[in-house]
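**Q** give me a 3D structure for the following:
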Amino acid sequence: MSAHLTGTITNHIGFITLDRAKALNALSLDMIRALTALLREWQANDDVFAVVIRSSSQRAFCAGGDIRFFYDVGTAGPAGGSALLEDFFTEEYALNHLIHHYSKPYIALMDGIVMGGGMGISQGSAHSQLRIVTDKTAMAMPEVHIGLFPDVGGGYFLSRLPGELGVWLGLTGQTIAAADALYAGLADVFVPSSVLPELLSMLETEPMATGKQITEKIRRFAAPYLSEADPGNSMLARQRAEIDRHFAHDSVAAIVDSLASDSSDFADKSLNAMRRGSPLLLCVTLEQLRRGATLSVADCLRMERVMIRRSFEGTEVLEGIRARVIEKDNAPRWSPADLSEVRPEQVSGYFIDVWPDYAHPLRDLA
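**A** Numbers count the residues shown, from 1 in each chain. Below is the predicted model of the structure:
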C-alpha cells in the first residue's frame, strides 16, 4: 500500500483509489509500486473478476507523473538521487505494459484532469478495457510544453488514433473534453460525473458472475447518457479535415508552414499552442509518433525509455519544468530557441540506444 493509493476487493471487483488530491494525483514512485503490486496480486486472484481505478477527488483522475520530483532529482546531480529517477521511469513503463496486457477487465473512471502519466494508467489494457469519461474530463498529453515528449506509451496509442489526431494532440498539447475523447478513440463510454456514485453503488452491490458481465452492466448503465457527449458533434470531429491536412506532413516546419497559411481560428490556436513547446521536442515528438506507428507496445516503451534517458542528459525538460511549474515565469529558454535551428542529429540523438539489448531495463517486456 501507499499513503496515496488504496485497494479493496468488493463484490468480486478490485477497487483502486488514487488519493493524492493536493498534487492532482501526480504519480510518485511509491504509488507506481503500490499500483503494480495490487494489479499483480489481483491478476492471480480468481475471486477478482475486474479492476476499477478511480480518484478520491472530482478535480483530477491523475495529472501525470510527479514533475517536481523530476526537477529536484534532475537538478541535484548524481548524488541527489538520480537512481530513483531511473527507477521511476523503468517501473512506470513496466506498469503501463502490465496494464496493456492485463488479463481481466480494467476499468478507468477518468473524471477530472487526465494528463501524461494519467493517460498511461488509463489507455493501456487490450483485454476488455473500459475507459469512462465524464463532463468534467479534461484530457491532454502536454509534454512538449515542458520540454518532454508524450511518453507512457504515447508513441503507441497516439500514433494509432484516426488520421492525424494523435499528431495534433502530441504537438499542440491541447486539452480535449469527453466527446473529443470518444471521437478519437481515447474513451469508450460517457457518464455524467454526478451519477458516478450511483454507478459505483451498482458495481458494489449487484451480483456479478464474470468480468464480462461487469463491463456489460457498465455499458448498459452509460447508454442513456451518450447523447450528452455526442462524438459526432465534437470539436475534433468538426476540425478533422483541417487536422488531417495540416498534420500529415513529415516535418514540424512543414506543419507550421501549413498552419500559418490557414487563416482559421483553429489553425491559429493550434499554431500558438505549438509555439509554447520546445522546438527540439516538437521535432522529437513527431519522429517518435512516426516510429511508434509500426512498433509493438513493448518496443514503444523500450524506445521511450531510451528517449527519457536522453531527455535528462539534456536541458530542455528541466528548463521547461522550471518555467512552467517551479518558477512559473512561463518564459522557458529553449535550446535551440527556434525551429529553424534544430539540427537532424539533435533529433536522432534521442533515439540512439543507451544500453545493449541484453541490458535494457525493459528487456523482459513481451
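
**Q** could you use CA atoms for every contact and neighbour count after this?
**A** OK.

**Q** of all the helix elements in this structure, which one is longest?
**A** helix 82-100 (DSSP state H).

**Q** pull out the buried positions in that one.
**A** 82, 85, 88-100 (16 or more other C-alpha atoms under 10 Å).

**Q** out of those, which is nearest to I214?
**A** I99 (17.9 Å; C-alpha to C-alpha).

**Q** how close does that closest one sit to K269?
**A** For I99, the distance to K269 equals 34 Å [C-alpha to C-alpha, to the nearest Å].

**Q** and for H360?
**A** With C-alpha to C-alpha as the criterion, H360 and K269 are 40 Å apart.

**Q** from S227, how far out is D357?
**A** D357 is 49 Å from S227, by C-alpha to C-alpha.

**Q** same thing with H97?
**A** From H97 to S227 the distance is 33 Å (C-alpha to C-alpha).

**Q** now do A241
**A** Taken as C-alpha to C-alpha, the span from A241 to S227 is 23 Å.

**Q** you'd agree T6 is in a strand?
**A** Yes. Looking at T6 with DSSP: H, G, I helix; E, B strand; the rest coil, it is inside a strand.

**Q** how big is the angle separating the least confident helix or strand in the chain by mean pLDDT from helix 82-100?
**A** The helix or strand of the chain with the lowest confidence, counting by mean pLDDT, DSSP states H and E, is helix 67-76 at a mean of 91. Orientation check (axes from the mean of the first three to the mean of the last three C-alpha atoms, to 10 degrees): helix 67-76 against helix 82-100 gives 140 degrees.

**Q** centre of the chain to helix 67-76, how far?
**A** Between the mean C-alpha location of helix 67-76 and the chain-wide mean there is a distance of 20 Å, by C-alpha atoms, centre = their mean, to the nearest Å.

**Q** for that helix, name the packing helices and strands.
**A** helix 82-100, helix 316-321 (3 or more C-alpha pairs under 8 Å, 6 or more residues apart in numbering; DSSP states H and E).

**Q** list the contacts of it.
**A** Outside helix 67-76, the residues that touch it by C-alpha atoms under 8 Å, 6 or more residues apart in numbering are G80, G81, S82, L85, F312, L318, I321, R322, V325, I326.

**Q** kindly format the C-alpha coordinates of it as PDB.
**A** Extracted in PDB, the C-alpha atoms of helix 67-76 (Å, rounded to 0.1, in the frame of the first residue of the first chain):
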ATOM      1  CA  ILE A  67       7.400  16.500 -12.200                       C
ATOM      2  CA  ARG A  68       8.500  18.400  -9.100                       C
ATOM      3  CA  PHE A  69      10.300  15.200  -8.100                       C
ATOM      4  CA  PHE A  70      11.800  15.000 -11.600                       C
ATOM      5  CA  TYR A  71      13.100  18.600 -11.300                       C
ATOM      6  CA  ASP A  72      14.500  18.100  -7.800                       C
ATOM      7  CA  VAL A  73      16.300  14.900  -8.700                       C
ATOM      8  CA  GLY A  74      17.400  16.200 -12.100                       C
ATOM      9  CA  THR A  75      19.000  19.300 -10.800                       C
ATOM     10  CA  ALA A  76      20.700  17.700  -7.800                       C
END
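
**Q** what residues sit buried inside it?
**A** Buried residues in helix 67-76, counted by 16+ other C-alpha under 10 Å: I67, F70, Y71, D72, V73, G74.

**Q** ditto for stretch 342-358
**A** Buried-residue list, stretch 342-358, by 16+ other C-alpha under 10 Å: V342, V347, Y350, F351, D353.

**Q** so who does the first one touch?
**A** When you say that, I think you mean V342. P279, L280, P336.
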